[in-house]
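# 3D model of this:
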Amino acid sequence: MPATGYSICRVNRTMGFVLSILYLVINYLTPATLFGPLAPFHIEVILAVLITLVSLPALMKSYIFKTSQSLALIGLGIAASFSVLIAMRWPGGAVHAALEFIPNAFAYFLICLHCNSKKKLQVVVLMLFSVCLFVTVRGSIDLLRGIPASGPPISAATGAFDKEGWNADHPYILAMTSGPNGWLYRLRGLGLINDPNDFGQLTVCVIPMMFIFWKAKKNIRNLAFVLLPVSVMLLGIYLTHSRGALLALMAVVVVAARRRVGTVPALLGAGVLFVAAMALNVTGGREISAGSGADRTSLWGQGLQILREHPLFGVGLNNMPEFTDVHLTAHNSLVVCAAELGLFGLYFWSLFLFSTVRDAVAVASPANVSEGVPIVPDEGLYAQATSKVEEIDKAEINRLGRLMVLSLTGFLVAAWFLSRAFVLTFFLLGGMTEVIFELALERGMIAPRLPLARALPYAGGLAILLLLVMYISLRVLNLMR
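Numbers count the residues shown, from 1 in each chain. The predicted structure follows:
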């Protein structure tokens, strides 16, 4: 291979990866914060197009077209547009819905295209931790120094809580009433994570990922690169006072511990941690019970009713609040997807979910992964291999797969209590899962991906199963109240 061609290829891939990391940072910290008045021009989309142009030489040889998730994301994009076009009869809104969906979906494609090694996965994890660290530090400083002792300011014009002024002065703290005369202050981020529950969900997902830096018998390294960062993120979760994040963290603990100690001891341990968390006021004094979530479950029921009345394409992306009694969305990603995009959108969402979880479980299972064979570097003009092939054995592939299973567990449990069906983090986790699967596939460690013809009916079955689970859950919760 000519040295010039190899150098150009390597520079393109490096530039594509660096721009991808920048793209993710922009989305988590908001384009408005970084670009101000230019944000409406969708700078993040322009950046994504630039990254795609840079990676065109490698695009046609990428495995990305072999994954079911690619079809799922195309289908979801169409569903988002059709939901607005048909339900709201608004062609301009259909374009806007597509532009709103594309930046999040692009995370999957960019990770698959440019994150082709364990080292690059570590860089992605480090970026995610940096976002969590930044928000936690900024919010902690605000809580220690910036919160008035008398509580949030009162607007002289309305005599009520000056929310606009508070958000301008304390962008990383959400103030909400707690009891008749009290206030609860909750840590939040910006943009995609501007709600405490969203930030809590992201943090729960990143905690297992930090163990990608774990090295056996390297105590100082593990303390510096794993245990201390995890401790900071646990502090961040505490400061969000998010009940969903707490439940998601407990689920991660159960799934992680059951492999070593068994299911029953893992559940008992999680129960002890849950009691300790409640004693430490992690939820900010708010209960976790069927009664305390009555308003939320009522919206779940209304969401299913919306699906019944608008079964095919739903009522339009982000339009569910217009069809509920209290003009709020349902705090459940499944219900939101079904109500807003209908069965058409729910099918493709289930296809993405099924394919991602299936591949994560496959690479996490020792029975599905063999020792493999050494990689022979590609000598083609647009080779993806670097000058030194990364060595990864079966045990490491299994470990990386288990970390993704844990992150997906945290995301999905939290998503059951959040209206975040189409967030960037979901698609980012899908991309990271496929990167690990491809690392195993390249080394001959695992069987090829499930053919699309087999994945499609499974996705339909999953969509039906999820709706049944939601319906049964609602009936049980209603009986418990």
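
# just the helices in the stretch 351-481 of the chain please.
All helices of the stretch 351-481 of the chain, identified by DSSP state H, counting those that start in this stretch, fall at 394-415, 424-442, 452-480.

# quick one: which of those helices is nearest residue 350?
Across the helices of the stretch 351-481 of the chain, residue 350 has its closest neighbour in helix 452-480 (4.0 Å, Cβ to Cβ). Heads up, the C-betas are built off the backbone N, CA and C, glycines and all.

# helices and strands around that closest one, which ones?
Under the contact definition 3 or more Cβ pairs under 8 Å, 6 or more residues apart in numbering; DSSP states H and E, helix 452-480 sits against helix 68-87, helix 294-309, helix 333-364.

# For these, give me JSON lines that also has distance to residue 163.
Formatted as JSON lines, the helices and strands packed on helix 452-480 follow (distance: least, Cβ to Cβ, whole Å):
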{"stretch": "helix 68-87", "distance to residue 163": "29"}
{"stretch": "helix 294-309", "distance to residue 163": "20"}
{"stretch": "helix 333-364", "distance to residue 163": "24"}
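
# Between those, which one is closest to residue 119.
With Cβ to Cβ as the criterion, residue 119 lies closest to helix 333-364 of the helices and strands packed on helix 452-480, at 17.7 Å.

# and that closest one, which residues are buried?
The neighbour-count check on helix 333-364 (16 or more other Cβ atoms under 10 Å) flags 333-364 as buried.

# who does it touch, helix- and strand-wise?
If contacts are counted by 3+ Cβ pairs under 8 Å, 6+ apart, helix 333-364 sits against helix 68-87, helix 294-309, helix 394-415, helix 424-442, helix 452-480.

# how about residue 176, secondary structure?
Recorded secondary structure, residue 176: strand (DSSP: H, G, I helix; E, B strand; the rest coil).

# now do the one 10 residues further on
Following three-state DSSP, the label given to residue 186 is strand.

# partner residues bridging it?
Note on residue 186: beta-bridge partners by DSSP bridges are residue 174.

# Next, count neighbours for it.
Per other Cβ atoms under 10 Å, the neighbour tally for residue 186 reads 22.

# and what of residue 452?
Other residues close to residue 452 by other Cβ under 10 Å number 15.

# who's in contact with it?
68, 71 (Cβ atoms under 8 Å, 6 or more residues apart in numbering).

# ok and the helix or strand hosting residue 52 relative to helix 424-442, angle-wise?
Here residue 52 sits within helix 43-54, counting by DSSP states H and E. Here helix 43-54 runs at 20 degrees with respect to helix 424-442, directions being taken by axes from the mean of the first three to the mean of the last three Cα atoms, to 10 degrees.

# residues making contact with helix 43-54?
Applying Cβ under 8 Å, 6+ apart, the contact partners of helix 43-54 are 12, 15-16, 19-20, 22-23, 26-27, 31, 35, 59, 99, 102-103, 106, 109-110, 113-114.

# and that helix, how far from the chain's centre?
Here the centre of helix 43-54 is set off from its chain's centre by 21 Å, with Cα atoms, centre = their mean, to the nearest Å.

# again with stretch 454-471
Mean-position distance between stretch 454-471 and its chain equals 20 Å (Cα atoms, centre = their mean).

# which stretches of the stretch 301-450 of the chain have low pLDDT?
373-389 (pLDDT under 70).

# related to what we said a few turns ago, just the buried residues of the contacts of helix 43-54.
Buried members of these, counted by 16+ other Cβ under 10 Å: 12, 16, 19-20, 23, 26-27, 31, 59, 102-103, 106, 109-110, 113-114.

# tell me which of these is nearest to residue 162?
Using Cβ to Cβ, the buried ones among the contacts of helix 43-54 come closest to residue 162 at residue 31, 26.2 Å.

# Spatially nearest residue to that closest one (excluding sequence neighbours)?
The shortest distance from residue 31 to any non-neighbouring residue, by Cβ to Cβ, 6 or more residues apart in numbering, is to residue 39 (4.2 Å).

# Report the rounded mean pLDDT for stretch 70-80.
Across stretch 70-80, the average pLDDT comes to 95.

# ok, now stretch 121-128?
Stretch 121-128 carries an average pLDDT of 96.

# ok, now how distant is the most centrally placed residue in the chain from residue 443?
The structure's the chain has its C-alpha centroid closest to residue 425; by Cα atoms, centre = their mean the separation is 2.5 Å. Counting by Cβ to Cβ, to the nearest Å, the gap from residue 425 to residue 443 is 28 Å.

# now do residue 355
Counting by Cβ to Cβ, the gap from residue 355 to residue 443 is 21 Å.

# Determine which stretch of the helices of the stretch 351-481 of the chain is the most buried.
Comparing the helices of the stretch 351-481 of the chain by mean neighbour count (mean count of other Cβ atoms under 10 Å), helix 424-442 comes out on top with a mean of 25.

# Now do that helix: distance to the chain's middle.
Distance, stretch centre to chain centre, for helix 424-442: 13 Å (Cα atoms, centre = their mean).

# by contact count, what packs against it?
Helices and strands touching helix 424-442, by 3+ Cβ pairs under 8 Å, 6+ apart, are helix 3-29, helix 68-87, helix 91-114, helix 118-141, helix 196-209, helix 333-364, helix 394-415.

# Now distance to residue 148 too, for those helices, in JSON lines please.
JSON lines is the format used below for these (distance: least, Cβ to Cβ, whole Å):
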{"stretch": "helix 3-29", "distance to residue 148": "26"}
{"stretch": "helix 68-87", "distance to residue 148": "42"}
{"stretch": "helix 91-114", "distance to residue 148": "36"}
{"stretch": "helix 118-141", "distance to residue 148": "15"}
{"stretch": "helix 196-209", "distance to residue 148": "20"}
{"stretch": "helix 333-364", "distance to residue 148": "36"}
{"stretch": "helix 394-415", "distance to residue 148": "31"}
